[in-house]
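1. no FASTA, just this:
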């Protein structure tokens, strides 16, 4: 949930973009506790301020390759409760897939998405609320041409409703309120979705994210 107490560390080596986002977030009642121009500064700021949210560009000095992503992984490992939103000027599927394995409270958006302020703030709210946000363009590229069969045909209509709300970043409790069913019932539907989509239990991948990607794949195919 976004409140005036939501503390943010913002990292981007482009000064105008960094300052512009900081101004936008401040006006939206976020508290910007630190700005960083490279990955080293980002890690230092997070360790010092322990923010609720980190927003970082992927490519930053010195090499402009994946320094922001490396920092994001380090932050999630050291501070798993910190939500992370990664921004990129280009759709880089390898980076996106790598980030998504970090679990919930993560997001990957193209910078073009920031032009729609309401959509950007909504994406941040979903990540802060425990969800996972993936740019639709990245979803298409992640799944490529793998449209042989529709795995969603195995799901009941109620399971499809639950999965659609999962794709919006809603928690089980929020889904229950939306569909007027108990959280326990939602959990049963989620377990059934995992089974029908053949997503096994694993410590290396996030099952909820994989289910959502499958859903979005069909939505954009």
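-> That came through fine. These figures come from a predicted structure and were not determined experimentally.
2. Which of the helices or strands spans residue 71?
-> According to DSSP states H and E, residue 71 maps onto helix 67-78.
3. and the helix or strand following that helix, what does it pack onto?
-> Remark: after helix 67-78, the chain's next helix or strand is strand 83-88, criterion DSSP H and E. With contacts defined as 3 or more Cβ pairs under 8 Å, 6 or more residues apart in numbering; DSSP states H and E, strand 83-88 has these neighbours: strand 53-57, helix 67-78, helix 93-100, strand 106-110, helix 117-128. C-beta: built from backbone N, CA, C; applies to glycine.
4. give me that answer again for 6 Å
-> Here strand 83-88 touches strand 53-57, strand 106-110, helix 117-128, going by 3 or more Cβ pairs under 6 Å, 6 or more residues apart in numbering; DSSP states H and E.
5. which one of the ones you listed lies closest to residue 155?
-> helix 117-128 (22.2 Å; Cβ to Cβ).
6. got the angle between that closest one and strand 83-88?
-> Here the directions of helix 117-128 and strand 83-88 differ by 140 degrees (axes from the mean of the first three to the mean of the last three Cα atoms, to 10 degrees).
7. Please state the offset of the next helix or strand after helix 117-128 from the chain centre?
-> Following helix 117-128 in sequence order, the next helix or strand is strand 132-134 (DSSP H and E). In this view, strand 132-134 has its centroid 3 Å away from the chain centroid, taken as Cα atoms, centre = their mean, to the nearest Å.
8. Then stretch 16-24?
-> On the basis of Cα atoms, centre = their mean, stretch 16-24 sits 20 Å off its chain's mean C-alpha point.
9. With stretch 116-135 instead?
-> For stretch 116-135, the distance to the chain centre is 7 Å (Cα atoms, centre = their mean).
10. cool, stretch 195-203 as well?
-> 20 Å.
11. partners of the closest residue to residue 90 other than its chain neighbours in the sheet?
-> Take residue 90 and drop its neighbours on the chain: the residue closest to it by Cβ to Cβ, 6 or more residues apart in numbering is residue 110, 7.5 Å away. Beta-bridge pairing of residue 110 under DSSP bridges involves residue 88.
12. And residue 110, how far from residue 134?
-> 10 Å (Cβ to Cβ, to the nearest Å).
13. what's the neighbour count on residue 68?
-> 28 (other Cβ atoms under 10 Å).
14. Pretty sure it sits against residue 57.
-> Yes. Contact criterion Cβ atoms under 6 Å: residue 68 and residue 57 qualify, at 5.0 Å.
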